[in-house]
Each structure stands twice: as C-alpha cells, then as structure tokens.
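Provided below are the primary sequence and the corresponding predicted coordinates.
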Amino acid sequence: MDLTLNASERAFRDEVATWLAENAPRERRPPAGPAMVEFDVAWQRRQFDAGWAGISWPAEYGGRGLSLVQQVIWYSEYARAGAPTETGVCFVGNAHAGPTLIACADEELKRRHLPRILSGEEIWCQGFSEPGAGSDLAGLSTRAVIDGDHLVVNGQKIWTSYAHHAQQQELLVRTSTGARRQDGITWVVCPMDTPGIEVRPIRTITGHDDFCEVFYDDVRIPLTNVVGAVDDGWRVAMSTLSFERGTGFLPEQVELVARVDELVDLARTRTDRTGRALIEDSGLAERLATARAEAHAVLAMTLAVISRNARSSLPGPEASMVRLLFSQLQQRVAALAVDLRGLEGLAEGSPWVHDYLYLFATTIAAGTKDVQRGIVAERVLGLPRGR
Ligand SMILES: Cc1cc2nc3c(=O)[nH]c(=O)nc-3n(C[C@H](O)[C@H](O)[C@H](O)COP(=O)(O)OP(=O)(O)OC[C@H]3O[C@@H](n4cnc5c(N)ncnc54)[C@H](O)[C@@H]3O)c2cc1C
C-alpha cells in the first residue's frame, strides 16, 4: 500500500480535517456512567449522519466503501483534531465485532447488524474470557447445546467490558469436545436482552465499573446467529482477535505520538526547584526521546499491518508485535506524564492519574503481554515451542 497521498487523497484529507475541526466534541468525555454512554453514542451518531462512520466498510452495509488509505487518513486526522480516542462503548462494534462480521458472517447477519453498529444503535460487548479461561481461551467451558433451531447456553463470562450497556455480544461457547480443545467452539451473536442473562458490574482500581461478570442460565439463541459454523468458532475468534490486536488502536497510536510531543513541550517550559527546565535533566530527556522514537515506530508497524491487510483481508499474528509494544509504551508515557507534572500529576481526580491507573490494564486486555510474546515467538519468528 502506497501511503504517499495523491491529489484526491489530499483533498479527502482536507475535507476530513475541516469536518473534524467543526464537529469533534470539545468537552472531555465523561469517564463513566450514563453520561459516558450518551457521549459515546452521540459522537458515533454524529459521525454516521455525516457519512464518516465505517470509511472502509462496504457501502451496502452503511459504510463508505473507501480505500484503506482513506481509512488511515481519517484516523490520522481524527487523532490530530483531538477527537475522543478512549476505548468507548462503541469500540467493540467498530473495531472487532463489525470487522469479524464483514469477514466471516452470512449476508443476513451483516445486513442486520453492521448499519446499526455504525449508527450507534447497537453497542456490542465481547464475551470471550471466563474465570478459568483468559489467556487459555481454548479452555472455555460455557456450554451450548442445540435444541431445535436454538443454542441453549449455560455458564459464565468475566471481564466483559460495558456488558451492562450493550445490546449485542460476540459470544464464544463450547458446543462439543473435539480432538483439539480449539475444536468444538462456536462464535455466536447473543442479544443481551435474552431471558436468562444476568449482568453484574465489577468496580476497578479507577473507581469505575466498566467490567462485568455475565451469567447465562438456559439462554436460547437462534442458530441463525452463529457466525461461521457451529464448532468453527475458533477460526472466527482468531479473526476477531487479530482485528482487536492489530488495527483497532490506530487512532490511539496517532494520538500517542501527539501526546509525547506535548510532553516534550511541557518539559521545555516547566522548571524544577532550581529554575532549570525539566528537559535539561538528562534522564527525563532520554525517556522522552525514547518514547518519541517508539511512538513513531509503533505507528509505522501498524501501517505495515494495515498494508498487509489490504492484500490478505485479515491482520496476521504480526498484530501481536504491535499490541505488545504499544501497550507497554502507553504505560511508560502515562508514567512520564505523571512524573513531569510532579505533585499536580498525583492530585486525586486528575486525568493523568486516571490514565496512569487505567493503563495498567492495557498489558492484560486483548491477551496479556506474555501471551503476545508467545505468539510472536512461535508464529512470527517460528521459534520452537517451549512446552
Ligand atoms: C481493560 C480490559 C478489558 C477487557 N475486556 C474484555 C472483554 O470485553 N471481554 C473479554 O472476554 N475479556 C476482556 N478482558 C479480559 C482479558 O482478555 C483477560 O484478562 C486476558 O486474556 C488474561 O486472562 P486472565 O485475566 O484470565 O489471566 P490469566 O490467563 O489467568 O493469566 C495470569 C497470568 O499468567 C500469565 N500467563 C497465562 N498463560 C500464559 C502463557 N501461555 N504464557 C506466558 N504467560 C502466561 C499471564 O500473562 C498473566 O500474567 C479484558 C481485560 C482488560 C484488562
């Protein structure tokens, strides 16, 4: 994929930048509760109404049907405009459930859900992890048996982000036990208002309850909601995870580059107790320089994944390299931001403290950093398995 912009792409970039300058929310996103949901959905809706949701999604499902280069331009301008990049309630639908449906679902499911994801009418959540199956996802035990034309689900999921706000869930269930543990898993669209579902929020270190436990008691889901085929869910789930790890965080990556630049500016203007600019401290200067180089490197790697995606339609295991580097870099930059602000950075309720605490989760979500290292070792570098 050639990322040198031609004349029409430059015109597209200018159009995007103008719209975002006039329409991106100026106010800070509420960190939790109904106000946060309202904010996320209203912003998604505004993008959809103006034709900016799903830039590279097919036009017949509500997208714009534009090129991946134009999608990258949108993300870049989006972050540059300071538009919200927090992992909001529309993230799962936009970043991995929707792309999974495009890649693997039948026509009926695509037509039913994709336009509603883009318009903000459907919030999605991800029901993959269980108390006994996080990194070891293939060990999941939430069972589903076929009864007539329905799956009947019993079991429990955990760490389901925004389950209490979602209308739909990408749910993994065990439908049989095959020779390999990956066999016999099914990926199904689960409407969250189905009788038998109970959602219990979990409070975290940030003081908010973004996560939930979800319990299933004889939950009946039509077999027509299965994506791929019954027992073929592992293949579908790998698509979901490669989107989640590989390309879902591009706006955050562009924003991180800008955030590091802001920190460099801050270090130039702030002084320590002796009146010396913070940037004169060689330790801080080195951390800033390293962060700036790494932020650019991670962004370049994501663009390479997207470029390969243009040819193969799915990000491969290389997505794990991006996820691994980006998640650790986010934590280092959050620590730098707190350090540079001194006592102000530690004040209760400050956004820097919130980011610093929240970002402990980033090397766990979408697969822990150890799991990503394992994938890179075995599936990218081809190293022998250690066990
Ligand atoms: C912010 C956030 C949002 C999330 N949202 C969702 C969601 O919406 N839906 C959902 O289904 N899940 C979600 N999760 C859960 C997440 O996918 C799991 O936490 C993650 O997969 C790890 O699983 P676990 O917590 O069970 O830890 P475990 O798998 O029990 O891991 C415990 C420790 O053992 C290490 N370990 C385990 N296996 C290996 C291995 N093979 N090699 C090396 N080390 C290993 C891990 O790295 C970790 O340090 C979310 C998590 C976070 C933090």
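Cool, the structure landed.

Kindly list the longest helix within this structure.
Across the chain, the longest stretch assigned as helix under DSSP state H is helix 282-312.

Can you list the helices and strands that that one packs against?
The criterion is 3 or more CB pairs under 8 Å, 6 or more residues apart in numbering; DSSP states H and E, and the helices and strands that helix 282-312 contacts are helix 68-80, helix 233-246, helix 250-269, helix 319-346. Just so you know, the C-beta spots here come from the backbone N, C-alpha and C atoms, and that holds for glycine as well.

downstream neighbour of the last one in the secondary structure list?
Scanning forward in sequence from helix 319-346, with DSSP states H and E defining helices and strands, the next element found is helix 351-358.

what's that following helix in contact with?
R28, P31, I205, T206, A334, A335, A337, V338, R341, G345, L346, A347 (CB atoms under 8 Å, 6 or more residues apart in numbering).

before we move on, what about stretch 220-238?
Under the contact criterion CB under 8 Å, 6+ apart, stretch 220-238 has outside partners 100-101, 104-106, 108-109, 128, 137-138, 144, 146-147, 149-153, 171-173, 175-176, 178, 182-191, 194-196.

Burial check on the residue of the stretch 51-200 of the chain found nearest the ligand, number of neighbours?
Of all residues in the stretch 51-200 of the chain, G134 sits closest to the ligand, at 1.9 Å by CB to the nearest ligand atom. Counted with other CB atoms under 10 Å, residues neighbouring G134 total 17.

orientation of the helix or strand of the chain with the lowest mean pLDDT relative to helix 319-346 in degrees?
When each helix and strand of the chain is scored by mean pLDDT, DSSP states H and E, helix 233-246 comes last, with a mean of 81. Between helix 233-246 and helix 319-346, the angle comes out at 50 degrees (axes from the mean of the first three to the mean of the last three CA atoms, to 10 degrees).

In PyMOL, how would I select just the buried ones from the contacts of stretch 220-238?
Restricted to buried positions by 16 or more other CB atoms under 10 Å, the PyMOL selection for these reads:
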select buried, resi 100+101+104+105+109+128+137+138+144+150+151+152+153+171+172+173+175+183+184+185+186+187+188+189+190
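
filter the contacts of stretch 220-238 down to the ones close to the ligand.
F128 (CB under 6 Å from any ligand atom).

what's near enough to touch W74?
Taking CB under 8 Å, 6+ apart, we find W74 in contact with V16, W52, I55.

Turn these into JSON lines, columns for neighbour count and secondary structure.
Listed next are those as JSON lines, based on neighbours: other CB atoms under 10 Å; DSSP: H, G, I helix; E, B strand; the rest coil:
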{"residue": "V16", "neighbour count": "21", "secondary structure": "helix"}
{"residue": "W52", "neighbour count": "18", "secondary structure": "coil"}
{"residue": "I55", "neighbour count": "21", "secondary structure": "coil"}
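
near the ligand too, which of these?
Among these, no residue sits close to the ligand (CB under 6 Å from any ligand atom).

I'd say R268 and E280 touch.
No. Counting by CB atoms under 8 Å, E280 is not a contact partner of R268; they are 9.5 Å apart.

In the protein, which strand is the longest?
Ranked by residue count and defined by DSSP state E, the top strand of the chain is strand 211-222.

Please name the strands paired to the next helix-or-strand element following that strand in the sheet, noting orientation.
Downstream of strand 211-222, the next assigned helix or strand under DSSP H and E is strand 226-227. According to DSSP bridges, strand 226-227 forms sheet pairs with strand 185-191 (antiparallel).
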